[in-house]
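K.L.:
below is the sequence, then the predicted model.
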Amino acid sequence: MDIVSKEITIGAEGFSDINNITDRVTKFAEESGFSEGIIHVFPIGSTASISTIEFEPALVQDMKDKLEEFAPHDQTTRHGETWGDDNGFSHMRATMMGPGITVPLHEGEPVLGTWQQVVILNHDNKSRDRRIFLQVIGK
């Protein structure tokens with residue numbers, strides 16, 4: 001078994017903006033040269049999540065609406081009162097979704113369903129460049 005790692009960056013809007021990174025993950029898997037293993041995808045920062053979704057506009061908006069119901073962006077939080085950054089909701093969303101995912105690698109390809117894409121969600125209250133750490137463990 002060997003390990004290959006890479007950091008990528010993607011520009012993202014705030015308030016749980018969802019961006020499809022499947023092509024970047026697939027390209028990294030191909031570049032690794034491994035045929036079997038696992039790919040771990042991890043956001044660097046405490047206000048982002050990695051997940052999978054059928055990346056189509058209606059479902060993306062449904063997801064954003066549910067996250068807003070779960071942790072409204074305008075809800076007062078102790079974190080916001082302490083630090084003055086008003087992004088307590090973003091930390092709660094990221095914590096509840098979890099930070100990263102692991103995707104199987106089989107025959108050189110990430111194992112994903114037909115309508116399953118890998119996405120990053122920027123829960124923060126501002127646009128930012130999100131750093132994502134990719135790692136393949138395989139052979």
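P.N.:
Cool, the structure landed.

K.L.:
can you list contacts of the lowest-mean-pLDDT helix or strand in the chain?
P.N.:
For the chain, using mean pLDDT, DSSP states H and E, the weakest element among its helices and strands is helix 78-83, scoring a mean of 90. Under the criterion CB atoms under 8 Å, 6 or more residues apart in numbering, residues 85-88, 91 lie in contact with helix 78-83. All C-beta spots, glycine's among them, are computed from the backbone N, C-alpha and C.

K.L.:
again, only using 6 Å
P.N.:
86, 88 (CB atoms under 6 Å, 6 or more residues apart in numbering).

K.L.:
centre of the chain to the helix ranked longest in the chain, how far?
P.N.:
Identified as the longest helix of the chain according to DSSP state H is helix 57-70. Here the centre of helix 57-70 is set off from its chain's centre by 15 Å, with CA atoms, centre = their mean, to the nearest Å.

K.L.:
how about that helix: buried residues?
P.N.:
Within helix 57-70, the residues that qualify as buried by neighbour count (16 or more other CB atoms under 10 Å) are 60, 63, 67-68.

K.L.:
same check, this time on stretch 109-122
P.N.:
Going by 16+ other CB under 10 Å, stretch 109-122 has these buried residues: 110, 117-122.

K.L.:
one more: stretch 88-108?
P.N.:
88-94, 97, 99-101, 103, 105.

K.L.:
about what we covered before: so which of the buried residues of stretch 109-122 belong to strands?
P.N.:
Members of the buried residues of stretch 109-122 lying in strands (criterion: DSSP state E): 110, 117-122.
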